[in-house]
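Undergrad: model the following, please.
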Amino acid sequence: MRFNPKSDISGGRVRDAGGSGGGGGGGMRLPLPGGTRAGGGIGGLIIIILFVVLTQCVGGGGGLPSPGGGTSQQGQSQPDGIDTGDERYANCKTGADANDDPDCARLGVAVSLEDYWSETLPDQGGVDFQPATINTFAGGINTGCGQATSQVGPFYCPADQQVYLDTTFFADVLEGQLGGQGGDFVEPYVLGHEYGHHIQNLMGTMGKVRTQQGADSDAVRLELQADCYAGMWTRYAEDSELLTLDDGDISEALDSAKAVGDDRIQQQSGQRVDPEGWTHGSSEQRMAWFTTGYEQGTLDACDTFSAGQL
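TA: All right, here's what the predicted structure looks like:
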């Protein structure tokens with residue numbers, strides 16, 4: 001992945017919250033597929049938005065922001081600890097900075113995601129686009145969906161329409177515990193997936209989620225669609241004016257999708273593979289739907305809720 005050195009990335013909506021009141025690594029333990037408890041970061045992407053969307057917002061009546069930007073019942077609160085003038089991204093101005101600094105690359109990815117969806121969502125979905133903010137944090141953070149720790153892994157909160165990630169997740173969990181190959185396009189794939197949840201929120205798709213576990217559940221369809229949306233953006237980014245990708249980047253995205261398949265995580269945690277406990281889909285499904293988005297590049301092609309066979 002290489003950025004155009006002369007491109008302007010200063011407008012990307014990325015902020016750093018530092019280490020705020022989320023309780024560090026000792027507080028939250030979330031369920032893995034099959035009923036075990038997450039600890040030490042192993043939860044990762046299998047629960048990207050499950051606890052904030054399915055239990056609090058959809059299932060618990062917390063209220064989602066309405067399509068087109070209406071205020072949720074929980075309001076549009078900002079996460080604790082954020083300084084809109086934070087120094088982590090202050091020196092990120094150009095694509096040259098993005099090529100030299102992973103923080104600046106994150107800002108550049110945000111610009112690319114905003115550019116893509118600001119055109120694609122109104123054109124294909126008939127919905128006005130509103131950008132999401134990406135927040136980096138360490139240890140724990142308070143969000144519009146409640147308190148979260150780094151054990152949750154990257155996630156999207158529909159109540160405040162923001163993405164959250166502890167950047168240590170990629171080395172500690174995705175590569176270390178789940179055995180992903182790593183690479184500089186792993187984080188952009190994850191951000192593309194999380195931004196896909198934001199697009200679902202704007203389109204009202206999250207309101208379709210009723211069943212929360214199982215190979216054919218609405219929760220799995222929601223997650224596979226977000227993978228498909230990540231593939232759509234990747235196709236655009238591959239040869240855009242802002243950045244270019246190569247075959248190695250696509251391989252890294254597919255490997256990451258494979259690493260966070262429910263069946264792979266169950267195997268890695270010593271469980272038997274049990275589709276009844278799935279919340280995000282198998283490795284094969286996640287790779288397949290990313291590829292569908294990448295190859296076909298349309299919202300219609302990514303309609304997992306109408307697909308008979310996942």
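
Undergrad: give me the helices and strands touching whichever helix or strand Arg106 is part of, please.
TA: Using DSSP states H and E, Arg106 maps to helix 102-120. In this structure, helix 102-120 packs against strand 14-18, helix 95-100, strand 133-137, helix 186-203, helix 218-237, with contacts taken as 3 or more CB pairs under 8 Å, 6 or more residues apart in numbering; DSSP states H and E. Yep, even glycine has a C-beta here, placed from its N, CA and C like the rest.

Undergrad: which is the next helix or strand following the longest one?
TA: Going back to what we said before, that points to helix 218-237. Downstream of helix 218-237, the first helix or strand assigned by DSSP H and E is strand 243-244.

Undergrad: check the third one too.
TA: Remark: after strand 133-137, the chain's next helix or strand is strand 140-143, criterion DSSP H and E.

Undergrad: note down every partner strand of the following helix or strand past that next one and its orientation.
TA: Remark: after strand 140-143, the chain's next helix or strand is strand 146-149, criterion DSSP H and E. Strand pairing for strand 146-149, using DSSP bridges, gives strand 140-143 (antiparallel).

Undergrad: run the chain-centre distance for the strand it pairs with.
TA: In terms of CA atoms, centre = their mean, to the nearest Å, the centre of strand 140-143 is found 16 Å from the chain centre.

Undergrad: still on that earlier bit, ok, residues contacting the helix holding Arg106?
TA: With contact meaning CB atoms under 8 Å, 6 or more residues apart in numbering, helix 102-120 is reached by 1, 3, 7-14, 88-89, 91-92, 95, 97-99, 129, 131, 134, 136, 167, 184, 187-188, 191-192, 195, 199, 232-233, 236-237, 240, 242-243, 299.

Undergrad: can you rerun that using 7 Å?
TA: Residues outside helix 102-120 that contact it (CB atoms under 7 Å, 6 or more residues apart in numbering) are 3, 9, 11-14, 88-89, 92, 95, 97-98, 129, 131, 134, 187-188, 191-192, 195, 199, 233, 236-237, 240, 242-243.

Undergrad: just the CA trace of that helix, in CSV.
TA: What follows is helix 102-120, C-alpha atoms only, in CSV (Å, rounded to 0.1, in the frame of the first residue of the first chain):
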residue,chain,number,x,y,z
PRO,A,102,1.4,4.2,10.4
ASP,A,103,-0.6,6.8,12.3
CYS,A,104,-0.6,9.0,9.3
ALA,A,105,-1.5,6.0,7.1
ARG,A,106,-4.6,5.6,9.3
LEU,A,107,-5.6,9.2,8.6
GLY,A,108,-5.1,8.6,4.9
VAL,A,109,-7.3,5.5,4.9
ALA,A,110,-10.0,7.5,6.6
VAL,A,111,-9.8,10.1,3.8
SER,A,112,-10.1,7.3,1.2
LEU,A,113,-13.1,5.8,3.0
GLU,A,114,-14.8,9.1,3.2
ASP,A,115,-14.1,9.9,-0.5
TYR,A,116,-15.5,6.5,-1.6
TRP,A,117,-18.6,6.4,0.5
SER,A,118,-19.5,10.0,0.0
GLU,A,119,-20.0,9.2,-3.7
THR,A,120,-21.1,5.6,-3.5
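
Undergrad: let me know the angle separating that helix from strand 133-137.
TA: Here helix 102-120 runs at an angle of 160 degrees relative to strand 133-137 (axes from the mean of the first three to the mean of the last three CA atoms, to 10 degrees).

Undergrad: what's the average pLDDT for helix 102-120?
TA: Helix 102-120 comes out with an average pLDDT of 97.

Undergrad: if you count neighbours, what's buried in that helix?
TA: By 16 or more other CB atoms under 10 Å, the buried positions in helix 102-120 come out as 103-117, 120.

Undergrad: name the residue most distant from the centre of the protein?
TA: Relative to the centre of the chain, the most outlying C-alpha is that of Lys6, 27.6 Å out, by CA atoms, centre = their mean.

Undergrad: ok, that one - contacts?
TA: Lys6 neighbours (CB under 7 Å, 6+ apart): Thr94, Gly95.

Undergrad: look at it and report its pLDDT.
TA: As predicted, Lys6 sits at a pLDDT of 96.

Undergrad: sounds good, over and out.
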